[in-house]
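Q: Following is a predicted model, sequence given first.
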Amino acid sequence: MARTATDHPELIPADEEQRLEAVRRYAVLDTPPDAAFDRIATLAARILHTPIASVTIVDEDRIWFRARHGLDATETDRVPGLCASAILKDDPTIVTDAAVDPSTISNPLVAGDPGLRFYAAAPLITGDGYRLGTLNVIDRSPRDISDDEVATLQDLAAMVVDELELRLAARRIAETRAQLERLGAALQLSVLPPPLPDIAGLDLAALYRPAGDALEIGGDFYDVFEIRPRTWLVAIGDVCGRGAEAAILVGSVRNRLRALAAAGMRPAKVLAELNRSLVREGLGGKFLTLCCLEVRPAPGRAEVTVSAGGHPLPLVRRANGRVETVGQAGPLLGVFPGVDCGQYVIELCPDDLLLLYTDGLIERRGVDPRLGERALRSALARSVRASAVETLCNIEEALPQPLEGGDDDTAVLILRVLSRGSSGSRRGSATPAAPA
């Protein structure tokens, strides 16, 4: 029957419980071979001129070989393993002739197979002082070891610990990134636009594509909600920056928009009050662009009041194919106090279409944005009598570069006025996947 460490309390360090916790923390036991550790064991054998070298981790009742040179076994019992004694102190353990050394003469590994005579081990000491195991060299013949060789063995043992620390850090980074990605996904979901509502007399379509991965939460957004019977507020905006701060600001802006519009404020007043509160609170160098519309649909027509703060101006595609820019861009929001973005009223007739978008639709790194704007206007002009969804598809196909893989978020919102008695379709893609 194999002897266990508990049968030999003299081989158990005083901090054994904490030491074993440290062993588990590094998650090194029973892992596949690793070339970095194998090289260190081979170097130790080569430098100290021994046929055997190993990197060992002392577990509860076994000694597991993280790396080995000149050995076939992958582990051995903790008792009578010599490494069990070597982790009892910080200093190296040196046995020049185990056959005559009183501490090892009766050890089965010395008296029997494999007949060990020389053993030198440097403990693997973590930054917080726990001895996980050893880097050791073994010979079947007695021999001496110089002070320089002992120092080399200690340096190589420190390299083993460095490798363990690197893997621990990498694992923790991966775990942290996974947690952040889960958090990012949750935050991204929290700022995704809600489904588009059914609005009598209007045909709606929307697209939302955040750039980057889950850690790079986008700052683009749009919203459509009823503020009183037969009157809707439509907004599209872009918060400077990315990440959790941008997501939080998007959520805050959307909530404030709803509150200000519900209080009866018209678009220009909404932007002025929103700007006042953002400037008062301070955005830490961030800013916001926003286009705010009040839409009052009626059978075969719609009255739209537009106000824009630093945002790309809406485009109107008339039923005859003519494309017009609506309004005049006001200043960025959240930067200067007392802004006046002005507001403009337009009338939309049957088959007229209003397009709102963020700059990610037409701007790509290394591509002249004028190419994107020309493609956008051309796609609108060619989409006469097309539905809102079909127009959105035409725009995507006409762009110089695809929306996927872009370096900026993209939000697009289309409102088309239906003829009397027509029914509309709506499309809202609020996920990173292609719109459906």
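A: Right, received. Where do you want to start?

Q: Confirm that N275 sits in a helix.
A: Yes - inclusion of N275 in a helix is indicated when DSSP: H, G, I helix; E, B strand; the rest coil is applied.

Q: pretty sure it is touching V339, no?
A: Yes - under the contact definition of Cβ atoms under 8 Å, N275 touches V339, with a separation of 4.9 Å. C-betas here are computed from N, CA, C, even on glycine.

Q: More neighbours: which of those two?
A: Between N275 and V339, counted using other Cβ atoms under 10 Å, the more crowded position is N275 (26 against 21).

Q: so what's that one up against?
A: Applying Cβ atoms under 8 Å, 6 or more residues apart in numbering, one finds that N275 lies in contact with 309, 333-334, 336-337, 339.

Q: Sort out which one of those lies nearest G112 for me.
A: Closest approach to G112 among these (Cβ to Cβ): G334, at 79.6 Å.

Q: Now that closest one: closest residue in space, sequence neighbours ignored.
A: Once flanking residues are discounted, G334 sits nearest to L278: 3.8 Å by Cβ to Cβ, 6 or more residues apart in numbering.

Q: Quick one: neighbours of the one you found, just the number.
A: Using other Cβ under 10 Å as the criterion, L278 is surrounded by 21 other residues.

Q: Which ones among the contacts of N275 lie within helices?
A: In helices, defined here by DSSP state H, there are no members of those.

Q: So for the helix or strand where I173 lies, mean pLDDT?
A: In this assignment (DSSP states H and E), I173 forms part of helix 147-191. Summarised as a single mean, pLDDT over helix 147-191 is 85.

Q: Show me what that helix is packed against.
A: Helices and strands touching helix 147-191, as assessed by 3 or more Cβ pairs under 8 Å, 6 or more residues apart in numbering; DSSP states H and E, comprise helix 16-26, helix 35-48, strand 118-125, strand 131-139, helix 244-262.

Q: The helix or strand following the second one: which residues count as buried?
A: Going down the chain from helix 35-48, the next helix or strand is strand 52-58, by DSSP H and E. Judged by neighbour count (16 or more other Cβ atoms under 10 Å), strand 52-58 contains these buried residues: 52-58.

Q: Tell me the one of these nearest L271?
A: Within the set of the buried residues of strand 52-58, I57 lies nearest L271; the separation is 63.9 Å, counting by Cβ to Cβ.

Q: State the distance from the nearest residue to D359 once chain neighbours are set aside to V367.
A: Excluding the flanking residues, the one nearest D359 by Cβ to Cβ, 6+ apart is P312, at 5.8 Å. When Cβ to Cβ, to the nearest Å is the yardstick, P312 and V367 sit 16 Å from each other.

Q: Look up how far V234 lies from V316.
A: Separation of V316 from V234 (Cβ to Cβ) stands at 14 Å.

Q: Between these two, tell me which one has more neighbours.
A: More crowded of V316 and V234, by other Cβ under 10 Å: V234, with 24 against 21.

Q: Can you list the low-confidence ranges for this structure?
A: Low-confidence segments of the chain, defined by pLDDT under 70, are located at 1-7, 184-192, 212-218, 242-244, 283-285, 365-366, 402-407, 421-436.

Q: how does this protein divide into domains?
A: The record, using automatic domain parsing to delimit domains, assigns the chain the ranges 5-175, 193-429.

Q: Can you tell me which of the ones you listed is most buried?
A: domain 193-429 (a mean of 19; mean count of other Cβ atoms under 10 Å).

Q: if we can go back for a sec, which of the helices and strands packed on helix 147-191 sits closest to L392?
A: Each of the helices and strands packed on helix 147-191 has some distance to L392 by Cβ to Cβ; the shortest is helix 244-262, at 22.0 Å.

Q: which strands and helices sit next to that closest one?
A: Using 3+ Cβ pairs under 8 Å, 6+ apart as the contact criterion, the secondary-structure elements in contact with helix 244-262 are helix 147-191, strand 220-228, strand 231-239, helix 267-281, strand 288-298.

Q: can you list the ones you listed in CSV and add distance to L260?
A: As requested, the helices and strands packed on helix 244-262 are arranged in CSV below (distance: least, Cβ to Cβ, whole Å):
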stretch, distance to L260
helix 147-191, 19
strand 220-228, 10
strand 231-239, 9
helix 267-281, 5
strand 288-298, 9
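
Q: Of all these, which one is nearest R25?
A: Once the helices and strands packed on helix 244-262 are compared by Cβ to Cβ, helix 147-191 is nearest, at 7.1 Å.

Q: So what angle separates the directions of that closest one and strand 52-58?
A: Note on geometry: by axes from the mean of the first three to the mean of the last three Cα atoms, to 10 degrees, helix 147-191 and strand 52-58 are set 50 degrees apart in direction.

Q: Downstream of helix 147-191, the next helix or strand is which one?
A: Reading on from helix 147-191 to the C-terminus, the next helix or strand found by DSSP H and E is strand 202-209.

Q: and that next one, what other elements does it pack with?
A: Under the contact criterion of 3+ Cβ pairs under 8 Å, 6+ apart, strand 202-209 touches strand 220-228, helix 388-398, strand 410-417, strand 428-429.

Q: try 7 Å this time
A: Using 3 or more Cβ pairs under 7 Å, 6 or more residues apart in numbering; DSSP states H and E, the elements in contact with strand 202-209 are helix 388-398, strand 410-417, strand 428-429.

Q: Sheet partners, orientation included, of the second one?
A: The strands beside strand 410-417 in its sheet (DSSP bridges) come out as strand 202-209 (antiparallel), strand 353-357 (antiparallel).

Q: now these in JSON lines, with distance to A14?
A: Output for the strands paired with strand 410-417, formatted as JSON lines (distance: least, Cβ to Cβ, whole Å):
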{"stretch": "strand 202-209", "distance to A14": "60"}
{"stretch": "strand 353-357", "distance to A14": "68"}
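
Q: Nearest approach to Q401 belongs to which of these?
A: For the strands paired with strand 410-417, distance to Q401 was read as Cβ to Cβ. The smallest value, 12.5 Å, belongs to strand 202-209.

Q: Can you check what angle separates the closest one from helix 388-398?
A: Using the same axes, to 10 degrees, the inter-axis angle of strand 202-209 relative to helix 388-398 is 40 degrees.

Q: and strand 202-209, how far from the chain's centre?
A: 28 Å (Cα atoms, centre = their mean, to the nearest Å).

Q: got the angle for it vs strand 220-228?
A: Computed with the same axes, to 10 degrees, the direction of strand 202-209 lies at 150 degrees from that of strand 220-228.

Q: secondary structure element for the closest residue to P350 other than its chain neighbours?
A: Excluding its sequence neighbours, the residue lying closest to P350 (Cβ to Cβ, 6+ apart) is S419, at 4.3 Å. Of the helices and strands defined by DSSP H and E, none includes S419.
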